[in-house]
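**Q** Build me a model:
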Amino acid sequence: MPAVEAWVYDITQGMAKGMSMAIVGKQIDLIPHTGVIVFGKEYFFGGGPAVANPGMAVPLPPAQKLQVGETSKTKEELDKF
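**A** Model prediction:
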C-alpha cells in the first residue's frame, strides 16, 4: 500500500518562534502550512485543492515530515475525489 506523509512548512520561516511572545504574549513555534504526500505528489489547499511535485507547493523547506501511514485507495480514486 502507498505510504502517506504530511509535510509541515513554517510559513513565517522562524519569525513566529522569535517574535510571538512580544507580539501576542504567548509562544508560538510556527504557523503551519501542510501538504499531504502520496503517489509521488503533494496535495494541499491553496485557494482551492491543488497538486504539485513534493516540496514545490511552498518555496520553503519542510519544518517537519510526518509519517501518517498507508492508504488502501488508488491514485485514480484520489484524483476523482
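
**Q** who's in contact with stretch 42-58?
**A** 7, 9, 11, 33-37, 40-41, 61-62, 78 (C-beta atoms under 8 Å, 6 or more residues apart in numbering). For the C-beta atoms, the positions are set from N, CA and C on the backbone; glycine is no exception.

**Q** if we go to 7 Å?
**A** Stretch 42-58 is contacted by residues 7, 9, 33, 35-37, 41 when judged by C-beta atoms under 7 Å, 6 or more residues apart in numbering.

**Q** If you average the pLDDT over stretch 20-39, what comes out?
**A** Averaged over stretch 20-39, pLDDT sits at 93.

**Q** what ranges do the strands span in the protein?
**A** Remark: strands assigned in the chain by DSSP state E are 3-10, 32-38, 41-45, 49-52, 64-70.

**Q** Can you list the strands that the first one pairs with?
**A** In other words, strand 3-10. strand 32-38 (antiparallel), strand 64-70 (antiparallel) (DSSP bridges).

**Q** By residue count, what's the longest helix in this protein?
**A** Ranked by number of residues, the top helix in the chain under DSSP state H is helix 15-24.

**Q** In that helix, which residues are buried?
**A** 16, 20 (16 or more other C-beta atoms under 10 Å).

**Q** And the contacts of that helix?
**A** By C-beta under 7 Å, 6+ apart, helix 15-24 touches 10, 26-31.

**Q** Filter those residues down to the buried ones, PyMOL style.
**A** Here is the PyMOL selection string for the buried members of the contacts of helix 15-24, based on 16+ other C-beta under 10 Å:
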select buried, resi 10+30
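
**Q** Pipe the contacts of helix 15-24 into TSV and attach distance to Glu70 per row.
**A** Below are the contacts of helix 15-24 laid out as TSV (distance: C-beta to C-beta, whole Å):
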residue	distance to Glu70
Asp10	27
Lys26	36
Gln27	34
Ile28	32
Asp29	28
Leu30	27
Ile31	29
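
**Q** from the contacts of helix 15-24, which two are the most distant?
**A** Spatially, the most separated pair among those is Asp10 and Lys26, at 16.8 Å (C-beta to C-beta).
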